[in-house]
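A.B. asks: quick check, what structure comes out for this input:
(chains A and B)
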Amino acid sequence: MSREVRVRFAPSPTGPLHIGGVRTALYNYLFARKMGGKFLLRIEDTDQTRFVPGAEDYIKESLEWLGISPDESPWNPGDCAPYRQSERKPSYMQYALDLVEAGHAYYAFDTSEELEAMRERLTAARVVQPQYNSITRTQMKNSLTLPEEEVKARLASGEPYVIRVKIPRKEEVRLNDMIRGWVMVQSATLDDKVLMKSDGMPTYHLANIVDDHLMNITHVIRGEEWLPSAPLHVLLYKFFGWEDTMPEFAHLPLLLKPDGNGKLSKRDGDKLGFPVFPLNWENKVDGDTAAGFREQGYLSDAFLNFLAFLGWNPGDEREIFSLEELIEAFSVERIGKSGTKFDIAKAKWFNEQYLRAKSNAELAPYVIADAAKEGVTIIQDTAEALVALMKERVTFPAEIWQGSRFVVEAPTEFDQDIAGKRWNADAVTILTAYAETLEGYTGDFDAEKAKALLGETAEAKELKLGKSMQAVRLAVTGVGAGPDLMEIFAILGTEEVAKRIRFALATLEVIG
RNA sequence: GGUCGGUUCGUCUAGGGGUUAGGACACGUCCCUUUCACGGAUGAAACACGGGUUCGAUUCCCGUACCGACUACCA
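C.D. replies: Numbering: from 1, shown residues only, chains lettered A, B, ... in the order given. Okay, here's the model as predicted:
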């Protein structure tokens, strides 16, 4: 009997959603869609001290931007509401108590000072694993060592306590990870993790298992940093008697720094000049900011495609995939095992591919907006013409306006370097004649015609056009390089081209 | 330190007992182009190391090295 596939993305609202988290969400989404199942989002806000305002909205907006919104979430609840663990708080204690009742967990009263002292003592004694476990718990203050009456008295008095899982002394724990295969661990290496904190909140381990069970999660797809605690989770499913419906696990390879070693961090992005977050972020409280891919000019579908290929590939040589195509091609089996170094050059390449595939009309709004920011108003037709001019030569939409604004705005100054090399007598002769030609011309004027007229002009003066071409460009655009000049002439029209040539002629000094 | 995971060009990766080890990004060269790009062609570039198993290992096994994650009343 197969259950409906249900997967979840379970971020902690402690800051902007990291790109690694976005990829985890994407893989969950892809898997759910591929299997015809559901993708849920659960906010894991059990640590009240780390809560950051705005982080949840950031998560929501990030997923919306990429078009991978969850089927069930705090803002779109399904049958398993609520979807914030803080709002599910009342339910966890009973599960912990059930475990205590069954002998799989116990109360512990040790203060943080006592715990620290214990670790120091063990470290000094060169104990290999200085942790609260099946051996050391016998020396601590808990319901396993204290007389029953004292335990009751302490609980009754309202003394702070935690509930710890009682890890079996000697047991082989095994799990079959979808990506890594069988992973086996001896329970002796595990510690008695806290399940319920003294503030009455569950820790990740308890809340996670309880909620995944209650929400009928069938597959847990999460980052590799969770692999070490997966055996504990397996043990908890067993203690609760939920083995039959225990989800399958898939631990994703980590995203690594582009240079050197280690996990990709915010600092790497700052240092190397690229974002590691989907959206711009600003923490109103502490002023912390981070740059986002979206604001840097990455198109959502390009970014999504790039992200999907960070640790996964379809097995053939295709690289450009729409979200629909990704769903179709996706499989957990094809996710790699090893960590992936983050390469921004590839992200740029994807962006260029998607930019070129977009229609001029789709890209025009970017140009209109960028121009408007500088107080320049342009209409849709003009914007589309500029897009056509620039689309094949840029990485980001913002570069379209940057690279073509001189089409709309006549140059007021000229690249002196180019002028010094190219503004010679021949160029001036040709330009003067060309301006005259244009001023007297009334027929249709397109790139072809502009080129023909220019050629005829040069020929009439018995001069070679090639050598003066850059001077012509300089006269009209102010710079020495750019998109096809004749196309620019066609957009400008005879009158404007002539006007600009006249201005250049009057402004620039002829070289020797 | 311990536990767990990982290791194919600089990067992302395909492949898998016998291959000229394939592709993409980036890089070099050439072509196209009266600029710069795009595009096309082409080049350089990899199986971490040592043992085994085998007729044969980059591929399977073991070890070593290196890298990483985890080792909190954080997730």
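A.B. asks: separation between residue A:118 and RNA strand B?
C.D. replies: 10 Å (CB to the nearest atom of the strand, to the nearest Å). To be clear about C-beta, it is placed using only N, CA and C from the backbone, and glycine gets the same treatment.
A.B. asks: the host helix or strand of that residue: how far from the chain's middle?
C.D. replies: Assigned by DSSP states H and E, residue A:118 falls within helix A:112-124. Relative to the centre of its chain, helix A:112-124 is centred 40 Å away, using CA atoms, centre = their mean, to the nearest Å.
A.B. asks: which positions in it come out as buried?
C.D. replies: By neighbour count on 16 or more other CB atoms under 10 Å, the buried set for helix A:112-124 is A:118, A:122.
A.B. asks: and for stretch A:39-50?
C.D. replies: A:39-47.
A.B. asks: what's the answer for stretch A:196-206, then?
C.D. replies: For stretch A:196-206, by 16+ other CB under 10 Å, it's A:196-197, A:201-206.
A.B. asks: over to stretch A:63-74?
C.D. replies: Within stretch A:63-74, judged by 16+ other CB under 10 Å, the buried ones are A:63, A:65-66, A:68-74.
A.B. asks: so where's chain A uncertain?
C.D. replies: A:1, A:260, A:512 (pLDDT under 70).
A.B. asks: break it down into its domains, please.
C.D. replies: Under the assignment automatic domain parsing, the domains of chain A span A:6-73+A:205-255, A:90-196, A:266-357, A:365-507.
A.B. asks: tell me the most buried of these?
C.D. replies: Most buried of those, by mean neighbour count (mean count of other CB atoms under 10 Å): domain A:6-73+A:205-255, with a mean of 20.
A.B. asks: what strand or helix carries residue A:338?
C.D. replies: Under DSSP H and E, no helix or strand contains residue A:338.
A.B. asks: which residues touch it?
C.D. replies: Counting by CB atoms under 8 Å, 6 or more residues apart in numbering, residue A:338 touches residue A:253.
A.B. asks: show the subsequent helix or strand relative to the helix or strand encompassing residue A:362.
C.D. replies: Using DSSP H and E, the element containing residue A:362 is helix A:360-373. Counting by DSSP H and E, the element after helix A:360-373 in chain order, helix or strand, is helix A:380-390.
A.B. asks: what helices and strands are in contact with that next one?
C.D. replies: Secondary-structure packing of helix A:380-390 (3 or more CB pairs under 8 Å, 6 or more residues apart in numbering; DSSP states H and E): helix A:360-373, helix A:398-408, helix A:485-507.
A.B. asks: just to revisit the earlier point, out of the buried residues of stretch A:196-206, which touch RNA strand B?
C.D. replies: A:197, A:201, A:203-204 (CB under 7 Å from any atom of the strand).
A.B. asks: before we move on, the earlier item: can you lay out the buried residues of stretch A:196-206 as TSV showing secondary structure?
C.D. replies: Shown next, in TSV, are the buried residues of stretch A:196-206 (DSSP: H, G, I helix; E, B strand; the rest coil):
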residue	secondary structure
A:196	strand
A:197	coil
A:201	coil
A:202	strand
A:203	coil
A:204	helix
A:205	helix
A:206	helix
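A.B. asks: now the residues you listed as CSV including distance to residue A:29?
C.D. replies: What follows is those, written out as CSV (distance: CB to CB, whole Å):
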residue, distance to residue A:29
A:196, 32
A:197, 31
A:201, 29
A:202, 26
A:203, 27
A:204, 22
A:205, 25
A:206, 26
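A.B. asks: let me know the closest of these to residue A:230.
C.D. replies: residue A:205 (10.4 Å; CB to CB).
A.B. asks: how close does that closest one sit to residue A:163?
C.D. replies: In this view, residue A:205 and residue A:163 are 11 Å apart by CB to CB, to the nearest Å.
A.B. asks: what touches both of those two?
C.D. replies: Contacts common to residue A:205 and residue A:163, judged by CB under 8 Å, 6+ apart, are residue A:195.
A.B. asks: pretty sure residue A:18 is touching residue A:275, no?
C.D. replies: No. Counting by CB atoms under 8 Å, residue A:18 stays clear of residue A:275, with 10.6 Å between them.
A.B. asks: which residue packs closest to residue A:62, ignoring adjacent ones?
C.D. replies: residue A:278 (4.3 Å; CB to CB, 6 or more residues apart in numbering).
A.B. asks: pretty sure the one you found contacts residue A:65?
C.D. replies: Yes. Contact criterion CB under 8 Å: residue A:278 and residue A:65 qualify, at 6.4 Å.
A.B. asks: need the overlap of contacts for those two.
C.D. replies: Any residue near both residue A:278 and residue A:65 by CB under 8 Å, 6+ apart counts here, and that gives residue A:294.
A.B. asks: return the residues of the stretch 101-250 of chain A in contact with RNA strand B.
C.D. replies: With CB under 7 Å from any atom of the strand as the criterion, the stretch 101-250 of chain A meets RNA strand B at residues A:110-112, A:115, A:119, A:128-132, A:160, A:162, A:180-181, A:183-186, A:189, A:191, A:194, A:197-199, A:201, A:203-204, A:224-229.
A.B. asks: what about 6 Å?
C.D. replies: A:111-112, A:115, A:128-129, A:131, A:160, A:162, A:180, A:183, A:185, A:189, A:194, A:197-198, A:203-204, A:224-225, A:227-229 (CB under 6 Å from any atom of the strand).
A.B. asks: which ones among these lie within helices?
C.D. replies: Within those, residues falling in helices by DSSP state H are A:112, A:115, A:204.
A.B. asks: what is the nearest of those to RNA strand B?
C.D. replies: Among these, residue A:204 lies closest to RNA strand B (CB to the nearest atom of the strand), at 3.6 Å.
A.B. asks: that closest one is in contact with residue A:42, isn't it?
C.D. replies: No. Residue A:204 is beyond contact range of residue A:42, at 11.5 Å (criterion: CB under 8 Å).
A.B. asks: output the buried residues of stretch A:39-50 in a markdown table; the columns should cover distance to residue A:392.
C.D. replies: Shown next, in a markdown table, are the buried residues of stretch A:39-50 (distance: CB to CB, whole Å):
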| residue | distance to residue A:392 |
| --- | --- |
| A:39 | 37 |
| A:40 | 42 |
| A:41 | 39 |
| A:42 | 44 |
| A:43 | 43 |
| A:44 | 45 |
| A:45 | 47 |
| A:46 | 51 |
| A:47 | 49 |
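A.B. asks: how about residue A:439: what's its closest non-neighbour residue?
C.D. replies: residue A:498 (5.0 Å).
A.B. asks: let me redo that: residue A:476
C.D. replies: residue A:500 (4.9 Å).
A.B. asks: report the contact partners of the one you found.
C.D. replies: Contact partners of residue A:500, counting by CB under 8 Å, 6+ apart, are A:410-411, A:475-476, A:492.
A.B. asks: again, but for residue A:403
C.D. replies: Here residue A:403 is in contact with A:390, A:393-394, A:482-483 (criterion: CB under 8 Å, 6+ apart).
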